[in-house]
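Q: got a predicted structure here, sequence first:
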Amino acid sequence: MFDSKYMTTGKLDDYIQSRKFEDYIYILLNKAYPEIKDRNVRIEWGRAVANAAIIRSQNKTDIIRCNRTVRNWPEPVLYGLLSHELSHIALRVNLHNEFQADRDVIERGLGPYLATERLYTNKQTDHILRDGEDRYLGYISIRKLLSSSEVHQLDTLMSDLGL
Ligand SMILES: [Zn+2]
């Protein structure tokens, strides 16, 4: 698809990067999120807490805003980052519960990617939020929740990435 708007506003790189991210999202949705696979998930670039955040969910469309700094992250790390956001969409009940989103990613079999993302961003231990009411899981906690075959997958991913 060609959209001349992006050529004339100098936003071509944003456009190309968005398509790449949306391809990753498409793969994740079809692999692990059957109940929301028909949602239209779009990428927007800008300032986002924790590198990526859902900024709008309505009708059949969700907008994930990502920091430009994540653009050159390796593909498995981006699967981890984006799956956390997709779990927020899938859970709906509480968009702001980070612990539930992390657990949901792991339950869907994407834990090795989530652990890779946490290690890549140097988050070894849990990050406690709101006086312990919520938390992001760190690499160590996620690893403990994985099956032995997932731990093997994680170790393979990490050695591929030189982590
Ligand atoms: Zn989150």
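A: Yep, it's here.
Q: could you use CA atoms for every contact and neighbour count after this?
A: Noted.
Q: can you check the pLDDT for the residue nearest the centre of the chain?
A: With distances taken as Cα atoms, centre = their mean, the chain has Leu82 as the residue nearest its mean C-alpha position (1.7 Å). The per-residue pLDDT reported for Leu82 equals 98.
Q: relative to the whole chain's centre, how far out is the longest helix along the chain?
A: Criterion DSSP state H: the longest helix present in the chain is helix 12-32. Here the centre of helix 12-32 is set off from its chain's centre by 11 Å, with Cα atoms, centre = their mean, to the nearest Å.
Q: for that helix, packing partners?
A: Other elements packing on helix 12-32 under the criterion 3 or more Cα pairs under 8 Å, 6 or more residues apart in numbering; DSSP states H and E are strand 40-45, helix 75-91.
Q: mind redoing it with 10 Å?
A: Packing partners of helix 12-32 (3 or more Cα pairs under 10 Å, 6 or more residues apart in numbering; DSSP states H and E): helix 4-8, strand 40-45, helix 75-91.
Q: I'd like the next helix or strand past the last one.
A: Moving toward the C-terminus from helix 75-91, the first helix or strand encountered (DSSP states H and E) is helix 98-107.
Q: tell me the buried residues in that next one?
A: Glu98, Phe99, Gln100, Ala101, Asp102, Arg103, Asp104, Val105, Ile106 (16 or more other Cα atoms under 10 Å).
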